[in-house]
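>>> coords please:
(2 chains)
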Number of protein chains: 2
Amino acid sequence: MDMSVNPAIPAAVASSNSPIEADALIVGAGPVGLFQIFELGLLEIKAHIVDSLSQPGGQPIELYPDKPIYDIPAIPVCTGKELTEGLLKQCEPFKPTFHLGQEVSSVAKREDGRFDVSTGAGTQFIAKTIFVAGGVGAFTPRKPKVEGISEFEAIGQVAYRVRDPQKYAGKDVVVLGGGDSALDWALNLQPIANSVTLVHRRDDFRAAPASVAKMRALVANQEMMHITGQFTGFEAADGKITEIKITSLDGVTRRLPLDYLLAFFGLSPRLGPIAEWGLDIEKRQVKVDTEKFETNIPGLFAVGDINTYPGKKKLILSGFHEAALAAFGAAKYIFPEKTVKLQYTTTSTKLHEVLGVESPVFD
Amino acid sequence: MDMSVNPAIPAAVASSNSPIEADALIVGAGPVGLFQIFELGLLEIKAHIVDSLSQPGGQPIELYPDKPIYDIPAIPVCTGKELTEGLLKQCEPFKPTFHLGQEVSSVAKREDGRFDVSTGAGTQFIAKTIFVAGGVGAFTPRKPKVEGISEFEAIGQVAYRVRDPQKYAGKDVVVLGGGDSALDWALNLQPIANSVTLVHRRDDFRAAPASVAKMRALVANQEMMHITGQFTGFEAADGKITEIKITSLDGVTRRLPLDYLLAFFGLSPRLGPIAEWGLDIEKRQVKVDTEKFETNIPGLFAVGDINTYPGKKKLILSGFHEAALAAFGAAKYIFPEKTVKLQYTTTSTKLHEVLGVESPVFD
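Here you go, the predicted model:
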């Protein structure tokens, strides 16, 4: 999987000590968060958007970038990647500012009614409104269940994503996992590493058949090693892992010396710091009304899979509707003196102006 | 405007004396009605769909087939025609039955909880559930405000749409209106009619610039006549109109002999017979809950622009959400013994089966 940020996206603004004043801060850059930018933009509200992942798109781009989705209205079929591209293109006229690879760590209501917000990367905001579009929460990589292994994350010997492939040049690398990410990185690192060993608990991969075939060909040629078994332990010396233990289905354990261990066990959702914001939460979902999708905290809205209300279905298309109504609900906090009316993108010259398109002849 | 039915649509079933038993009857084949087919289809509910117009697509295809729409989620821009095509393709796997060019005239609850429904064309249904997706009501052509003129509709001398252009071959035709339909038909009939006179109240047209230019060129060549003025009266003899009166802005009235009068003043929405169904109606909108978008009549749902609830915005994307939740709400009337669970089109093998697509490798 290509983990790089889409070049069409403006770079995240550098974190600085002075807080960014924002009319709207969206937490979560999945499909609903991206459409929230668009709906706010139509009302001339500019948005900042934070996501814990390093690219926009959320679940569809992380979990099924190439798998077909059939239930986006008027799009008979699209992949997670195409869905993300469509949404990014649609919100582009509104020039949102993306703050990626960082998680919102604290939210506090100020005396003036706005919110103080800070992220783990040190970015600070003073926001008039907040839109939690957090899907199922922040995604964090699932980690191997071997005690003590996370101690080696700090020195970069154990990692769950590849930031710089060159780091592995000439090294002995063990890749854990059986999905697309594991296969892709095993194949990408194979030409530059000294050795690549792919370890998966079963001899059955849930990855693109072409990648599996390529891996098997390399294994047959002894250019890659593939072991069926589970990572069960390790030995360390001088603060570094020297070898790991792999236990196969028949109970035999073998030892594998290595320089680096990469684990691709997928992403696990975590409600995360949202749980601490004072929101009315029921079974890990944030309660909202169905008029504005506002939470119990005025000015704080929740849209998409993270919210709940009578009849709620976790559908992307429901999140789109919620984002539209939340934008109207937020307008009163941003333009307290203005009545914001619904206009149509097909006929409104005003909306054509904000979208940067030409108005057709129409009266 | 091409008023013919999209050839991809199955022909309407012939009206017969025995009623059609339907699990779901959708009233209105606009964008939301079409997406209602899809959402019902995912739950394995087959739908019949009735519309007063002769083609599916509703307002976008009738009022702005070629004008861009910017706020369909994940579609940065599309025309009314493209939107309709996307929705028709999406619901195709569920083989809906279209009953076009007819209006639902009566709805009555039966003792067994189902509904007796009949249309103006004599089609009869016994339906377990009804989905009113009627937009702003049934569309009917706006008529000239000249007393007695509608008496000549029956003999076809006065008409608001062209069914068979050959009817006008060698005749003197007057076309009233200044929009695309008026211009298009004036231009289309000009080569075959004996004469075409275009009458519009102002010398300013809200039609495609190319059509206006073409019309002006024909007028300059004396191959078409164009009069600025208003249709104010007529003379008749032997049950036929012999000439009409056109009054110009300066008050001068001229007389214009003719064989046929075509008026294209646009379509006017009309709540129509829906007003008589016993629904809870507020300011011409049908009240619904926000959990299932069900009306005060159990089993009768209302989705899209025709409904109202706190926060309602008349957006197509809101109608899509309403259609999804209404489908789940309807399931209990159709499958009283089954609990219908939400499944995802990307991952559910069951949904791949109903959609008729292949399941990808995914675990």
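
>>> quick one, helices of chain A?
For chain A, the helices defined by DSSP state H occupy A:31-42, A:58-63, A:80-91, A:180-189, A:209-220, A:316-334, A:349-355.

>>> can I get those helices in JSON lines with mean neighbour count and distance to chain B?
Just so you know, the C-beta spots here come from the backbone N, C-alpha and C atoms, and that holds for glycine as well. Shown next, in JSON lines, are those (neighbours: other C-beta atoms under 10 Å in any protein chain shown; distance: least, C-beta to the nearest C-beta, whole Å):
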{"stretch": "helix A:31-42", "mean neighbour count": "29", "distance to chain B": "5"}
{"stretch": "helix A:58-63", "mean neighbour count": "22", "distance to chain B": "8"}
{"stretch": "helix A:80-91", "mean neighbour count": "22", "distance to chain B": "4"}
{"stretch": "helix A:180-189", "mean neighbour count": "22", "distance to chain B": "11"}
{"stretch": "helix A:209-220", "mean neighbour count": "14", "distance to chain B": "7"}
{"stretch": "helix A:316-334", "mean neighbour count": "25", "distance to chain B": "4"}
{"stretch": "helix A:349-355", "mean neighbour count": "16", "distance to chain B": "6"}
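
>>> mean pLDDT and distance to A:Leu300 added to the ones you listed, as a markdown table?
Converted to a markdown table, these look like this (pLDDT from 0 to 100; distance: least, C-beta to C-beta, whole Å):
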| stretch | mean pLDDT | distance to A:Leu300 |
| --- | --- | --- |
| helix A:31-42 | 97 | 13 |
| helix A:58-63 | 85 | 20 |
| helix A:80-91 | 97 | 21 |
| helix A:180-189 | 93 | 34 |
| helix A:209-220 | 94 | 42 |
| helix A:316-334 | 97 | 10 |
| helix A:349-355 | 87 | 25 |
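
>>> out of those helices, nearest to B:Leu325?
helix A:316-334 (7.5 Å; C-beta to C-beta).

>>> pull up the residues of the stretch 51-200 of chain A that are close to chain B.
When proximity is defined as C-beta under 8 Å from any C-beta of the partner chain, the stretch 51-200 of chain A approaches chain B at A:64, A:67-78, A:80, A:83, A:86-87, A:89-90.

>>> which residues of the stretch 251-363 of chain A lie near chain B?
Residues of the stretch 251-363 of chain A found near chain B (C-beta under 8 Å from any C-beta) are A:289-292, A:309-311, A:313-315, A:317-318, A:320-322, A:324-325, A:328-329, A:342, A:344-347, A:351, A:355, A:357, A:360-363.

>>> for A:Ile20, name its beta-bridge partners.
A:Phe125 (DSSP bridges).

>>> how deep is it tucked in, by neighbour count?
Using other C-beta atoms under 10 Å in any protein chain shown, A:Ile20 has 17 neighbouring residues.

>>> before we move on, the earlier item: between the helices of chain A, which one is closest to B:Val27.
helix A:316-334 (21.5 Å).

>>> quick one: that closest one to helix B:316-334, angle?
130 degrees (axes from the mean of the first three to the mean of the last three C-alpha atoms, to 10 degrees).

>>> from the chain's centre, how far out does helix A:316-334 sit?
Relative to its parent chain, helix A:316-334 has a centroid offset of 21 Å by C-alpha atoms, centre = their mean, to the nearest Å.

>>> what's it packed up against?
strand A:20-27, helix A:31-42, strand A:124-132, strand A:300-302, helix B:316-334 (3 or more C-beta pairs under 8 Å, 6 or more residues apart in numbering or on different chains; DSSP states H and E).

>>> could you rerun that using 10 Å?
Helices and strands touching helix A:316-334, by 3 or more C-beta pairs under 10 Å, 6 or more residues apart in numbering or on different chains; DSSP states H and E, are strand A:20-27, helix A:31-42, helix A:58-63, helix A:80-91, strand A:124-132, strand A:300-302, strand A:307-308, helix B:316-334.
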